Every structure is written in C-alpha cells, then in structure tokens.
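Asker: What would the 3D arrangement of this be:
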Amino acid sequence: MSEFRRALALWLALALASVVVFAASLALGSVSLDMRELWQALSGADTGTAGAIVRELRLPRAAAAFACGGLLALSGALMQVLLRNPLAEPYVLGVSGGASVGALLAMLVLAPWWGVQAAAAVGALCSMLLVATLARRDLLHPQVQGGHREAGARLLLTGVILAAGWGAVITLILAVAPESRLRGMLFWLTGDLGGTASYGGALATMIVALLLAMPMARALNVMLLGETVAQSLGVRVGRVRLLTFLLASVCIAVAITTAGSIGFIGLVVPHLVRLAWGNDQRLLLPAAVLLGGALLMAADLVARTVIAPAQLPVGVITALLGVPTFLYLLLRRPR
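Answerer: This is a model prediction of the structure:
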C-alpha cells in the first residue's frame, strides 16, 4: 500500500506540474494574458484577437507539445529496456531518419502540411518495417550465444547503420533543395511545433500506448534481470521484445510526424525518473509520460518567448537543456 501511495503521489505531483506548465503556455507569449482573460478565451466568451490566439494557436501547440513529449519519453523508456542500454533513445533504431526523408521529400515538391505529415508517417513506417525485417531473429528468437546483450547489440547496430544511411539521404536532399525551402526543412529537422494545427492523433496515441505498455511493465522489470531469468519465470521474451519494439516505434513515428525531430526528451526523462524514484517500470512509464510532456511544453514556451515575436526550433531548446542535464546526471552517478 505504501508503494501505491508513493506512486500515486508522484503521478499527482507530475500531473499538477503539467497543468501549471500548460496554463503558462496558454497565457504567456508576445501577447500575455491574465487568468481572467485566459478563462474567457478558453470558454469562448472572448471572440476577439486574444481568444483566437489562445484557441487556434496556443492550445493546439501546447497540447501537441505535451503529447509528443509523452510519446518521446515513453519510447525512450521502452527502448532502454529493450536494448538494456542506458544510452538508448527513441531515434536510435533509425525510425526518425525514415520519417525525415519522407518529410523533406514532401517539402521539396511543395506538398501541403498534411502531405508532409503523411510522407513522414510513411517514411517512419517503412523504416520500422525495414528494421523489423533485418532484425527479426533478434526480436523474436534472441536465444543466441551471449544472451540478451548480444541480441540487443545487433539490433542496436542495425538501427545505427540504417540511421547513418538515412542521414546520407537527408544530406543529399538538403544539398539539392532550393534556398527558399531550406529554412523550413532545417526547422523541421530540429523540431518545430509552430505550424501544429492537429493534436488529437498524437494525444490519443500517447494514451493508448501507455495503456498497452502498463500490462507489460512487470515483464519488462523481469527482463532487466536477463533473458535467462525472464524465461525461467515464464516471460515470453520474444513476444515481449517484439511488442516493445512495435510500441516504441509507433510512439516515435507519431511524435516525429507531428512535431519533427526533437532530441534529448526520450533520453533524459527516463533517467530523471529512474534516478529519483527507481527503475520499476510500473511507476516509471506513467511518470516519464507526464514529465516528458511537461518538459516539452516548457521548452516550447521558452522557444517562442525568449526572442519573441521570433521563434526558435524547440529541438534547439531541448538540446541546450538536455546536454548539461545529462552530463550532470552521468558525472554524479557512482562508479
């Protein structure tokens, strides 16, 4: 019971922090609003400029930031368990590279925003299927010499090689793209929530993914002890590995389709939760979703207010905050 109360207190604290950051994201900007004006804008009583700014611009952007932050953090936590590697993060298996190639090709032919998103989704799906095909033995039948570590290492290496290939294609696209389109492409590659108009799909995916991940939390805890131990305790290792890979890949595909490539959220957030509250996946996964959403909303708030009315790519802010944070966490860990 005490463990349940501890987990509940953590989730409530993170939920409250998310609500506070969400309210700040709606109220602050080049046009700042007090709480009364914000309530009028949200309720529809204000039909003027302030109401339009909140309902049509800030609300979709803040909701998309929360959903994408949660998806990235959940994907990162799952990847770190799947690969048993603390440096694993959502982009490590090359899904983002395929999405980036699809999105940049769509931008190159002047596709509308929905065409860019569709192309990114197709690219992410193709990359996910390619990784799954090349590494199907390590996903489904990882009983090889060296155990989980060798299987995880081959899966990781497959993703790294594919990511390098996608990176070469991205460089080629940037080299041949007209200068008038380079700014939009670079913003997308570093993460951009500025043009976000739809957030329902990302939010629904985040909720469904968390609901699907929670029943696997106990098995994921056991798999951290090694595949031999997990199998002896009745865990269907191949099935859990495949489901974890698919779930993490879908999370990153939806996040990158919605907001572009945003780094460090999926790497740093699971470590923050793990160092503060332990490595129990039953507690870590929901906490990572809440903290990831709150941090990305906060980073997006900084990105659009620090040099307002101009805006920065949100991925730049997450990198500037994530690099020193991760180095601090790394250096303070006991040897």
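
Asker: Just name whatever secondary elements the helix or strand harbouring Ala62 is in contact with.
Answerer: Element membership of Ala62, judged by DSSP states H and E, is helix 59-83. In terms of contacts (3 or more C-beta pairs under 8 Å, 6 or more residues apart in numbering; DSSP states H and E), helix 59-83 is packed against helix 2-27, helix 147-176, helix 200-213, helix 217-223, helix 237-259, helix 265-277, helix 281-305. Just so you know, the C-beta spots here come from the backbone N, C-alpha and C atoms, and that holds for glycine as well.

Asker: tell me the most buried of those?
Answerer: helix 281-305 (a mean of 25; mean count of other C-beta atoms under 10 Å).

Asker: Can you find the helix or strand of this protein with the lowest average pLDDT?
Answerer: Sorted by mean pLDDT, DSSP states H and E, the helices and strands of the chain end with helix 136-140, the least confident at a mean of 67.

Asker: Tell me how far the residue nearest the centre of the chain lies from Ile317.
Answerer: The residue lying closest to the centre of the chain (C-alpha atoms, centre = their mean) is Leu72, at 1.4 Å. Separation of Leu72 from Ile317 (C-beta to C-beta, to the nearest Å) stands at 14 Å.

Asker: just Val235 next, same as before
Answerer: According to C-beta to C-beta, Val235 stands 39 Å off from Ile317.

Asker: Among those two, which residue is more densely surrounded?
Answerer: It is Ile317, of Val235 and Ile317, that has more neighbours when counted by other C-beta atoms under 10 Å, with 24 against 20.

Asker: pretty sure the more buried one is touching Arg304, no?
Answerer: No. Ile317 is not in contact with Arg304 according to C-beta atoms under 8 Å; the separation is 9.7 Å.

Asker: Lys64: neighbour count?
Answerer: To be clear, residue 64 is Ala; Lys isn't right here. 25.

Asker: now do Val131
Answerer: Val131 has 23 nearby residues by other C-beta under 10 Å.

Asker: for Ser100, what are its contacts?
Answerer: 120, 123, 166, 170, 188-189, 256, 261 (C-beta atoms under 8 Å, 6 or more residues apart in numbering).

Asker: typo on my end, Val268
Answerer: Val268 sits in contact with 322, 325-326, 329, where contact means C-beta under 8 Å, 6+ apart.

Asker: most surrounded residue in these?
Answerer: Neighbour counts for the contacts of Val268 peak at Gly322, which has 21 neighbours (criterion: other C-beta under 10 Å).

Asker: so which strand or helix has that residue?
Answerer: Using DSSP H and E, Gly322 sits within helix 314-332.

Asker: Backbone dihedrals for Arg36, both of them.
Answerer: phi -70, psi -40 (degrees, to the nearest 10).

Asker: quick one: it from Ala27, how far?
Answerer: 11 Å.

Asker: Pass me the low-pLDDT residue ranges in this protein, would you?
Answerer: 1, 46, 137-152, 195, 197, 332-335 (pLDDT under 70).

Asker: still on that earlier bit, can you name every helix or strand that the helix holding Gly322 contacts?
Answerer: Partner elements for helix 314-332 (3+ C-beta pairs under 8 Å, 6+ apart): helix 265-277, helix 281-305.

Asker: Ok, which of these comes nearest Gly159?
Answerer: When the helices and strands packed on helix 314-332 are compared by C-beta to C-beta, helix 265-277 sits nearest Gly159, at 13.7 Å.
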